[in-house]
Structures are given as structure tokens and as C-alpha cells.
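> I would like to see how this sequence folds:
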Amino acid sequence: DIIFGEGSSREGDLLDLAVGQNIVDKSGAWYSYNGERIGQGRENSKLFLKEHPELAADIERKVRLGFGLGMPGEVRETEEAAPAGKSAGKEQKSA
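Here you go, the predicted model:
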């Protein structure tokens with residue numbers, strides 16, 4: 001969604017992704033999270049997420065985990081660490 005004066009709707013995108021991953025349930029016009037209704041209709045559900053940022057952050061975390069992503073600012077460990085002083089996959093030539 002693009003909203004005049006606001007730009008892209010973060011809550012709308014989050015809601016769509018969460019429904020697609022079955023994190024948020026949609027039954028008819030109602031949206032529910034953890035068995036509790038968060039809004040009737042998409043616009044009311046977006047407004048609810050905007051008014052409850054802690055709940056929106058919890059849903060975002062679950063969506064990101066569903067895609068194999070971490071939250072912004074999290075440091076993820078790599079499976080293989082390159083040895084100190086050497087670039088992975090490159091050999092150094094001596095002159």
C-alpha cells in the first residue's frame with residue numbers, strides 16, 4: 001500500500017506477509033493473532049498494529065524467522081569463519 005503523505009504502509013506489508021506465513025489468521029474479514037482478534041478488515045488491522053508496536057515487532061520477528069532472516073541490528077554467526085589474516089577462497093602470491 002502507498003498512502004499519500006506517508007509512503008509505503010509498513011503495517012500493511014507486515015500483515016500481508018504474516019497472513020501468507022500463517023502467523024496471522026484471516027477468517028472472513030477478521031484478522032487474528034494468537035487466537036485474539038486484532039481487527040475487522042485490513043485497514044482496522046493495520047491501525048491496530050500501528051497502535052501496538054510491541055505486537056507488530058513480535059509479528060515481524062516471526063515473519064523474518066520464517067524467511068530465515070534476523071532482526072535489524074542482530075549479528076549472525078557464519079557457519080565457517082575464515083582464518084585470521086587470509087581471505088576465504090583467495091590465495092596470496094609472493095612477488
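> OK, contacts around G66?
Q21, I23 (C-beta atoms under 8 Å, 6 or more residues apart in numbering). No exception for glycine: its C-beta is placed from N, CA and C like everyone else's.
> just the pLDDT for it.
Looking at G66, its pLDDT is 86.
> distance of it from Q21?
5 Å (C-beta to C-beta, to the nearest Å).
> those helices in the chain, which residues are they?
Remark: helices assigned in the chain by DSSP state H are 10-20, 42-51, 53-66.
> can you show me the CA trace of the longest one as PDB?
So that's helix 53-66. Provided in PDB are the C-alpha atoms of helix 53-66 (Å, rounded to 0.1, in the frame of the first residue of the first chain):
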ATOM      1  CA  PRO A  53       4.200  -1.500  18.100                       C
ATOM      2  CA  GLU A  54       5.300  -4.300  20.600                       C
ATOM      3  CA  LEU A  55       2.800  -6.700  19.000                       C
ATOM      4  CA  ALA A  56       3.900  -5.600  15.500                       C
ATOM      5  CA  ALA A  57       7.500  -6.200  16.400                       C
ATOM      6  CA  ASP A  58       6.700  -9.700  17.700                       C
ATOM      7  CA  ILE A  59       4.900 -10.500  14.400                       C
ATOM      8  CA  GLU A  60       7.800  -9.000  12.400                       C
ATOM      9  CA  ARG A  61      10.300 -11.200  14.300                       C
ATOM     10  CA  LYS A  62       8.300 -14.300  13.400                       C
ATOM     11  CA  VAL A  63       7.900 -13.300   9.800                       C
ATOM     12  CA  ARG A  64      11.700 -12.600   9.500                       C
ATOM     13  CA  LEU A  65      12.400 -16.000  11.100                       C
ATOM     14  CA  GLY A  66      10.100 -17.600   8.600                       C
END
